[in-house]
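Asker: Next come a sequence and a model predicted from it.
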Amino acid sequence: MVEEQLPIQEKGRRAKNESMRVKPQRLTELSLKPVSRVLSGIAELDRVLGGGIVPGSLLLLGGEPGIGKSTLLLQVCNRLVQNGGKVLYVSGEESAEQVRLRAERLGSIMPDLFVLCAVDLDDIIAAVEEIKPEFLVVDSIQTLVSSTLSSAPGSVAQVRECTAELLRLAKNNRLTVFVIGHVTKFGAIAGPKTLEHMVDAVLYFEGEPSLNYRIVRTVKNRYGPTNEIGVFEMSEAGLIEVANPSEFFLSGRRSDVSGSAVVVTLEGSRPMLVEIQALATPTPFPLPQRVATGFDLRRLALLLGILERRASINGGRRDIFLNVAGGLKLTEPAIDLGVIAALASAIRNTPLPADTVMIGEVGLAGEVRSVTRTEARLKEVARLGFKRAVVPLRSPKMNKSNLRVVPVDTIGGALKVLGVKK
Ligand code: TYD
Ligand code: MG
């Protein structure tokens, strides 16, 4: 339960006269202007947004503290200014000097990048009215306070009221607003989750703090598709785009060891090749361990059960570890077949063919089920130079000059093709 205080009502409901009232319109009578987009200059981000920033929209960028939200938006600011835009960066967390130091480290700074260190919403509104920027960055929403409320900054009421006010500012001035929201460790209270319904687009920053790649994912977008991802690498000079994530995630793969399988996962519209690693080691303990990183543990138990029952490959008294290389978290069922193959390969201690990729969902009967967008996946497989793809039987026919597509209908059949089972 969260206590919420109502804003102080200064005036009663304003009586509107007839001429001020908004009227319903016929959809057919509306004149259409195509949505023009402004490119942020960072291709990965533009793709995630559905082709660029829509002027006048309010975007929310969420993520854990320290993941790189301020860095990314400061880079975007730099680019926007270089392309002739006027940007106001409001920081409630860092001093103007700190922002300048960081901006300089991330690229050359230009005169049309303004910085305001403020937490009071009225100061921000006044600044917007004074310098009339086209883009506003608020870092972060949890530091803002609206004087109409007496609750503390970062509380649900404040965060919501401030966002609503920024939304009004955006729509009235055709101002594009980026709002940063920290995801707090303990529950998402007063975090970006409470704001998702108000804003036009919600992007989340993901990534393992120990690894230096970062993923930006759209979870909501009123102007484009969701679930798109952009991949970045954190470096000395800020975030660098990773244009070919498959290559990035497959780098460092050793194909001559058992338990390594390559799968194709679809993140938004983008197929991505990822390595699945499995390890099976004999254990003296009566209760063997099952450990999964980046993959659902219950799904692992299920796939092990299917492997045992339908292909007679028994995990038995072994500890079994499954890992998605690169620290990604995969949830798509299309990687099931690859997981099965990795597990079988680990249990039998037989390496899988290095040039083969596995695609397919696995059902309880051990059948290999078809997946969405097989063609797009196969295209990426061919692009990365793999020679063979094991796919579900009922997949669309695909002929690629140097990619052999092998359809299978059961996991037994697939494991025979892969040489793990006789
Ligand atoms: P930051 O953008 O401040 O995170 P957030 O705003 O999400 O809290 O980024 C914090 C981390 O990024 C910090 O630990 C240092 C690292 N970093 C780099 O590695 N290179 C850089 O060029 C910058 C600016 C930051
Ligand atoms: Mg920050």
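Answerer: Done, it's in. This structure is a prediction, so every number in the text was calculated from the model and none was measured. Ligands and ions are numbered 1, 2, ... in the order given.

Asker: Based on its surroundings, how many neighbours for residue 402?
Answerer: The burial count assigned to residue 402 is 8, neighbours taken as other Cβ atoms under 10 Å. C-betas here are computed from N, CA, C, even on glycine.

Asker: Next up, phi/psi of it, please.
Answerer: The phi and psi values for residue 402, taken as degrees, to the nearest 10, are phi -110, psi 30.

Asker: Wait, it touches residue 387, no?
Answerer: Yes: with contact defined as Cβ atoms under 8 Å, residue 402 reaches residue 387; the gap is 6.8 Å.

Asker: what's the distance between residue 284 and residue 350?
Answerer: 24 Å (Cβ to Cβ, to the nearest Å).

Asker: Next: residue 72.
Answerer: 44 Å.

Asker: Can you pick out the residue with more neighbours from the two?
Answerer: When neighbours are counted by other Cβ under 10 Å, residue 72 and residue 350 differ, and residue 72 comes out ahead with 28 against 15.

Asker: Find the nearest non-adjacent residue to residue 213, please.
Answerer: Nearest residue to residue 213 in three dimensions, chain neighbours excluded: residue 233, at 5.2 Å (Cβ to Cβ, 6 or more residues apart in numbering).

Asker: which element is the one you found on?
Answerer: Using DSSP states H and E, residue 233 sits in strand 229-235.

Asker: Which elements pack onto that strand?
Answerer: Judged by 3 or more Cβ pairs under 8 Å, 6 or more residues apart in numbering; DSSP states H and E, the packing partners of strand 229-235 are helix 43-48, strand 213-221, strand 238-241, helix 245-250.

Asker: what comes into contact with the shortest one?
Answerer: Contacts to strand 238-241, defined as Cβ atoms under 8 Å, 6 or more residues apart in numbering, come from residues 42-44, 68, 71-72, 74-75, 105-107, 214, 230-234.

Asker: Can you select the buried ones from the residues you listed in PyMOL?
Answerer: Remark: buried members of these, expressed as a PyMOL selection using 16 or more other Cβ atoms under 10 Å:
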select buried, resi 42+44+68+71+72+74+75+106+107+214+230+231+232+234
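
Asker: ok, and which of the contacts of strand 238-241 reach ligand 1?
Answerer: On the criterion Cβ under 6 Å from any ligand atom, 68, 71, 105, 234 are the entries of the contacts of strand 238-241 that sit beside ligand 1.

Asker: which of those residues lies closest to residue 225?
Answerer: Ranked by distance to residue 225 (Cβ to Cβ), those are led by residue 68 at 23.3 Å.

Asker: mind listing what that closest one touches?
Answerer: By Cβ under 8 Å, 6+ apart, the contact list for residue 68 reads 205, 207, 214, 232, 234, 239.
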